[in-house]
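A.B. asks: Starting from these lines, generate the structure:
(one chain, ligands or ions: 1)
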Amino acid sequence: MPEEQDVELEARLADQERFVPSESFVSQANVSDDSVYETFEEEWPECWEQAADLLDWNEEYDTVLDDSNPPFYEWFTGGELNASANCLDRHLDERGDEAAIEWVGEPTDEENRTYTYEELHREVNEFAAALKEMGVGEDDVVTMYMPMIPELPIAMLACARIGAPHSVVFAGFSADALATRMNSADSEYLVTCDGYYRRGDALEHKAKADEGLGGVEHEVSDVVVVDRLGDDYDHPMGENHRDYDDLVADHAGAEVEPVSRDAEDMLFLMYTSGTTGQPKGVKHTTGGYLAWTAWTSQAVLDIKPEDTYFCSADIGWITGHSYIVYGPLSLGTTTMMYEGTPDHPEQDRLWEIIEEYEADQLYTAPTAIRAFMKWGSEYPDKHDLSSLRLLGTVGEPINPRAWKWYYKHIGGEDCPIIDTWWQTETGGMMVTTLPGVKDMKPGSAGPPLPGVDVQVVDTDGEQVEPGRAGHLTVQKPWPGMLRTLYQNDERYVEEYWAEYSDTDSDDPDDWVYFPEDGAKIDEDGYITVLGRVDDVLNVSGHRLGTMEIESAIVGVEGVAEAAVVGGNHDVKGEAVYAYVITEDGYEEGDEMRDRIVEGVEDAIGPIARPEAVVFTPELPKTRSGKIMRRLLEDVANGEELGNTSTLRNPEIVSEIASKVGDD
Ligand code: WT7
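C.D. replies: As a prediction, this is how the structure comes out:
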């Protein structure tokens, strides 16, 4: 950002700690009455009927919450519904000709695609018919390995229509990651594509999918391939591979009755990183999840059917599932999809899209905002962004300076910002201001949503004093919560509940959910999330397990041992630092470094690529043999080294530090 502007912004906004939503926003907000907090508390859990009421049910539920077997909570039990019917069919009468999806491809000379609700409904039905014909039945897990192309939400909704849970694997993940997830879910069907465009290049995705299929241990029945690249890539087709366009054409005009799913039936699986090497298969169900995403989309994103809403996330992550696909479509609004990156062909691509489509909301990540800041305000300044009414962020803490830049240069000091804390596991937003009700405090996500019971506690589970750091906990269940880890109830209890619950009790009051984040709370009950307290990194808003990366590195020939920690990074938030010990006879150096980077990309994907690989003869270890990660983090951040007296090998720390300095 040019210097004078920077100075001016600093001067005017720097000291401001509280921002009041504008009168013009409040007067039109979906929720603008403060009393909702009190009513929801008094009427909990029945308050969540309000969320369920946003949906169409085939069969009314009899119980809002069944908490007889904690932590295996059930919501809206006895109810039946279909997610695809809620996202499509019920909007046809009034919004059939309105856009459901506005898709923008990365190449600027390509025509964008609009799917009206009518058109989306038609194609979802046709593809659902094709899936059925392939033999996909209720509860068969269908894997999708696709980038941001319209066929991804179409395939998701087609699965939802026939009651087949989907498991979407982020397209940037590696072939190995695809295989691991298909194996874990026993998934016999894959929907993928030939490739996609990224910063002007045609990426050949199909080869990666094929490689992944090679690692699947069971028989894969069918592979559907979308032809995204046309003549740019003549992709090979295997024997059980089918062309998406042919399938849809073969089922032109088909109609598939949406199956009535039990509220607690699985809608989808989403794998996420944890502390062990094995990713966790988070299970979300139909009723609670859809009610949660619909309610939060309405109350927090302030979505109205006539809006054009833009979330810049990828559908391969939970943000895209909840807030590009299910939440917005269940409300009948227009949701945008952009295939490419914000800096292609120029660093104003998002602003150009927002101007052209007159987007009402923008929901993005702090890492993107930090990049926008770095590129400079001249890029948004070139465009008319006055259509925007609300801004949002998600994925990691946002520092006040980035918040204020977003507020001024994108929101024109007129749009409330929602800083939303949640996780793959929570299904949707948990802690954030209601934009039409609460003041904003940059750097703090805000109070928990109405009906959400979040507390910051110490290691004994007691609430901490305002201003003190503690652990973020959720004290009561909520409809959007994960139900378990796929086929692993034990790990579910272990990972999320064991820390603060009396696991022998069947009293729900004895059960507390621990998301593994640190936080503090202020006198007004506003929560500042400090970050993960487990061995999980947050790189550009993406969760990466250090163990996963370490095991990838140890798998590289010539590596004896590795330790991975997060170092500060001005755009990514955290970056991967790998400390590596080589085996005797292997040379440290560029060749080894390249093979390590490649090993990580092959096992996980380019998002996990180490920022630095530091060779060392030893790792700093305590006398009991534990790696002192804190010290490795200090080294990565070039910080003063903490106490090394408990180490078996204290001299190694300064030796490593001098190597990082050279890097
Ligand atoms: C982790 C969850 C939520 C969808 C995208 C990421 C961090 C998320 C915030 C926020 C501070 C945040 C937490 C959380 N996180 N939102 N507003 N402020 N930290 O989903 O991959 O499941 O990661 O992201 O550490 O535990 P995820």
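
A.B. asks: in stretch 601-613, what's buried?
C.D. replies: Buried residues in stretch 601-613, counted by 16 or more other CB atoms under 10 Å: 601-605, 607-611, 613. C-beta coordinates here come from the backbone N, C-alpha and C atoms, glycine included.

A.B. asks: again with stretch 412-426
C.D. replies: Along stretch 412-426, these residues count as buried under the neighbour rule (16+ other CB under 10 Å): 415-426.

A.B. asks: now those residues in JSON lines, with distance to residue 317?
C.D. replies: Compiled in JSON lines, the buried residues of stretch 412-426 are given as follows (distance: CB to CB, whole Å):
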{"residue": "415", "distance to residue 317": "24"}
{"residue": "416", "distance to residue 317": "24"}
{"residue": "417", "distance to residue 317": "21"}
{"residue": "418", "distance to residue 317": "18"}
{"residue": "419", "distance to residue 317": "18"}
{"residue": "420", "distance to residue 317": "14"}
{"residue": "421", "distance to residue 317": "15"}
{"residue": "422", "distance to residue 317": "12"}
{"residue": "423", "distance to residue 317": "11"}
{"residue": "424", "distance to residue 317": "8"}
{"residue": "425", "distance to residue 317": "13"}
{"residue": "426", "distance to residue 317": "14"}
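
A.B. asks: Now for those: which two are most distant?
C.D. replies: Distances among the buried residues of stretch 412-426 were taken as CB to CB; the most separated pair is 415 and 425, at 29.1 Å.

A.B. asks: got any ranges where this protein has weak pLDDT?
C.D. replies: Within the chain, the stretches with pLDDT under 70 are 1-10, 661-663.

A.B. asks: okay, now the domains of this structure?
C.D. replies: Domain assignment for the chain by automatic domain parsing gives 117-259, 469-529, 535-662.

A.B. asks: start to end distance for the longest one?
C.D. replies: For domain 117-259, the separation between the terminal residues is 19 Å (CA to CA, to the nearest Å).

A.B. asks: Next: the second one.
C.D. replies: Between the opening and closing residues of domain 469-529 there is a gap of 9 Å (CA to CA).

A.B. asks: Would you map the strands across the stretch 551-663 of the chain?
C.D. replies: Taking DSSP state E, counting those that start in this stretch as the test, the strands found in the stretch 551-663 of the chain are 559-569, 573-582, 612-615.

A.B. asks: From the ligand, how far off is residue 293?
C.D. replies: Note on residue 293: its distance to the ligand, by CB to the nearest ligand atom, to the nearest Å, is 12 Å.

A.B. asks: Is that residue in contact with residue 326, as I believe?
C.D. replies: Yes. Here residue 293 reaches residue 326: they are 4.7 Å apart, a contact under CB atoms under 8 Å.

A.B. asks: before we move on, back to that, for residue 368, find the nearest of the domains of the chain.
C.D. replies: Across the domains of the chain, closest to residue 368 is domain 535-662 (CB to CB), at 8.1 Å.

A.B. asks: right, and the secondary structure at the residue of the stretch 101-250 of the chain at minimum distance from the ligand would be what?
C.D. replies: Residue nearest to the ligand within the stretch 101-250 of the chain (CB to the nearest ligand atom): residue 170, separated by 10.5 Å. Under DSSP: H, G, I helix; E, B strand; the rest coil, residue 170 falls in the coil class.

A.B. asks: ditto for residue 387
C.D. replies: Per three-state DSSP, the secondary structure class of residue 387 is coil.

A.B. asks: Now the spatially most distant residue from the centre of the chain: closest residue in space, sequence neighbours ignored.
C.D. replies: Distance from the C-alpha centroid of the chain peaks at residue 585, with 42.3 Å (CA atoms, centre = their mean). Nearest residue to residue 585 in three dimensions, chain neighbours excluded: residue 558, at 7.8 Å (CB to CB, 6 or more residues apart in numbering).

A.B. asks: roughly how far apart are that neighbour and residue 551?
C.D. replies: 15 Å (CB to CB, to the nearest Å).

A.B. asks: Touching, residue 70 and residue 513? I think so.
C.D. replies: No. Counting by CB under 8 Å, residue 70 stays clear of residue 513, with 10.2 Å between them.

A.B. asks: More neighbours: those two, which one.
C.D. replies: Counted by other CB atoms under 10 Å, residue 70 and residue 513 do not tie: residue 513 has more neighbours, with 23 against 18.

A.B. asks: Bridged to the nearest residue to that one once chain neighbours are set aside, which residues?
C.D. replies: Distances taken as CB to CB, 6+ apart place residue 474 nearest to residue 513, at 4.1 Å, with adjacent residues excluded. Beta bridges link residue 474 to residue 454, residue 513, judged by DSSP bridges.

A.B. asks: does residue 474 really touch residue 430, like I thought?
C.D. replies: Yes. If you go by CB under 8 Å, residue 474 and residue 430 touch, sitting 7.0 Å apart.

A.B. asks: Check which helices and strands the biggest helix by length in the chain sits against.
C.D. replies: If you go by DSSP state H, the chain has its longest helix at helix 117-134. Here helix 117-134 touches helix 92-95, strand 99-104, helix 151-162, helix 244-250, going by 3 or more CB pairs under 8 Å, 6 or more residues apart in numbering; DSSP states H and E.

A.B. asks: so what does the third one touch, helix or strand wise?
C.D. replies: Yep, that's helix 151-162 we're talking about. By 3+ CB pairs under 8 Å, 6+ apart, helix 151-162 packs against helix 83-87, helix 117-134, strand 142-145, strand 166-168, strand 189-193, strand 266-272.

A.B. asks: How about the first one?
C.D. replies: In terms of contacts (3+ CB pairs under 8 Å, 6+ apart), helix 92-95 is packed against helix 117-134.

A.B. asks: how distant is the helix it packs on from the center of its chain?
C.D. replies: Centre-to-centre, helix 117-134 and its host chain are 26 Å apart (CA atoms, centre = their mean, to the nearest Å).

A.B. asks: List the buried residues of it.
C.D. replies: Buried residues in helix 117-134, counted by 16+ other CB under 10 Å: 117, 119-132, 134.

A.B. asks: And the contacts of that helix?
C.D. replies: Here helix 117-134 makes contact (CB atoms under 8 Å, 6 or more residues apart in numbering) with 84, 88-89, 91-92, 95-101, 115, 142, 154-155, 157-159, 161-162, 164, 189, 221-222, 224, 242, 244, 247-248, 250-256, 332.

A.B. asks: picking up where we left off before, pick the one among the buried residues of stretch 601-613 closest to the ligand.
C.D. replies: Lowest distance from the ligand to the buried residues of stretch 601-613 (CB to the nearest ligand atom) belongs to residue 607, with 11.3 Å.

A.B. asks: in terms of contact, does residue 237 touch residue 222 like I think?
C.D. replies: No. At 12.0 Å, residue 237 does not count as touching residue 222 under the criterion of CB under 8 Å.

A.B. asks: Could you find the closest non-adjacent residue to residue 625?
C.D. replies: Counting by CB to CB, 6+ apart, residue 625 lies nearest to residue 648, which is 7.9 Å off, once chain neighbours are set aside.
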